[in-house]
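[1] coords please:
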Amino acid sequence: MATWFTADTHFGHAKIIDHSRRPFVGVDEMDAALIHNWNAVVRPNDDVWHLGDFNFRGTHETAYYAKQLQGRIHLVWGNHDDGYARKAASLFASVQDVKYLRLYGEKIYLSHYAHRVWRSSNHGSWHLFGHSHNCLPSYRRSMDVGVDAQRYAPVSFEAIGAYMLTQDSTDHHPTAPPTPDSEPT
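    Numbering: from 1, shown residues only. Presented below is the predicted three-dimensional model:
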């Protein structure tokens, strides 16, 4: 059993192709590629943490896509999930606004949105996010796991771990507290 992370598939959302400069001719081609890429790496017993914006508009309901994807999908709500995926919440293994995981010895904060600091960021925890469609650089031990940043496929825990080994923790506690008279640095 493996664990995967992804975000911002936007199944059924034709306009996302232009908005995010995706290399697809149309929504049918995009959906087929995303489903193929997902199933090429995810096995039926794997866990997939989808960090929001599962599907949006289009001619198909959430179930149409979810039933074609391998693995147990845990959904962290995104800003485009309100009217679509929320109606089909029972299709997912779990649903939540944010999630703090302890996985294989790592602390991981999952949110649709990027944060500069997050729970235990100063103690080495990871932060995985979507929403920015590869337009916001990673910061310290944070990473955009959205399909636009990850070659249109879920990214493995192992690949994320290899990246995080190269990153420093976020230190949001200065060594000396500022005084009222001190200049900002």
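[2] Please, where are all the strands along the chain?
    3-6, 47-50, 72-76, 94-96, 99-103, 106-110, 126-129, 142-144, 155-156 (DSSP state E).
[3] which residues are contacting the fifth one?
    To tie it back to what came earlier, the one meant is strand 99-103. The contact list for strand 99-103 (CB atoms under 8 Å, 6 or more residues apart in numbering) reads Thr3, Trp49, His74, Val76, Lys107, Ile108, Tyr109, Leu110, Ser111, Arg119, Phe157. (C-beta placed from N, C-alpha, C; glycine too.)
[4] of these, buried ones?
    Thr3, Trp49, His74, Val76, Lys107, Ile108, Tyr109, Leu110, Ser111, Phe157 (16 or more other CB atoms under 10 Å).
[5] The nearest residue to the fifth one once chain neighbours are set aside and Trp118, how far apart?
    If the residues on either side of it in the chain are set aside, Lys107 comes closest to Ser125, at 3.8 Å by CB to CB, 6 or more residues apart in numbering. Plainly put, Ser125 is 7 Å away from Trp118 if you go by CB to CB, to the nearest Å.
[6] Looking at the two now, which is surrounded by more residues?
    Trp118 (25 against 21; other CB atoms under 10 Å).
[7] Could you measure from Asp18 over to Phe24?
    10 Å.
[8] pLDDT score assigned to the residue nearest to Ser20 when sequence neighbours are not counted?
    Among residues not flanking Ser20 along the chain, His133 sits closest, at 4.5 Å (CB to CB, 6+ apart). His133 is assigned 92 on the pLDDT scale.
[9] Pro178 too?
    Reported pLDDT for Pro178: 63.
[10] Output the below-cut-off pLDDT ranges for the protein.
    172-179, 181-185 (pLDDT under 70).
[11] Pick out whichever of Asp18 and Phe24 has more residues nearby.
    The neighbour count for Asp18 versus Phe24, taken as other CB under 10 Å, is higher for Phe24 (16 against 8).
[12] Now that one. Nearest residue, chain neighbours left out?
    Nearest one to Phe24, counting by CB to CB, 6+ apart, is Met30 at 3.9 Å.
[13] hang on, the one you found packs against Arg22?
    Yes. Between Met30 and Arg22 there is a contact under CB atoms under 8 Å: 6.1 Å.
[14] Now for these two: what residues contact both?
    Residues touching both Met30 and Arg22 by CB under 8 Å, 6+ apart: Ile16.
[15] So for those two, which sits in the more crowded spot?
    The neighbour count for Met30 versus Arg22, taken as other CB under 10 Å, is higher for Met30 (23 against 19).
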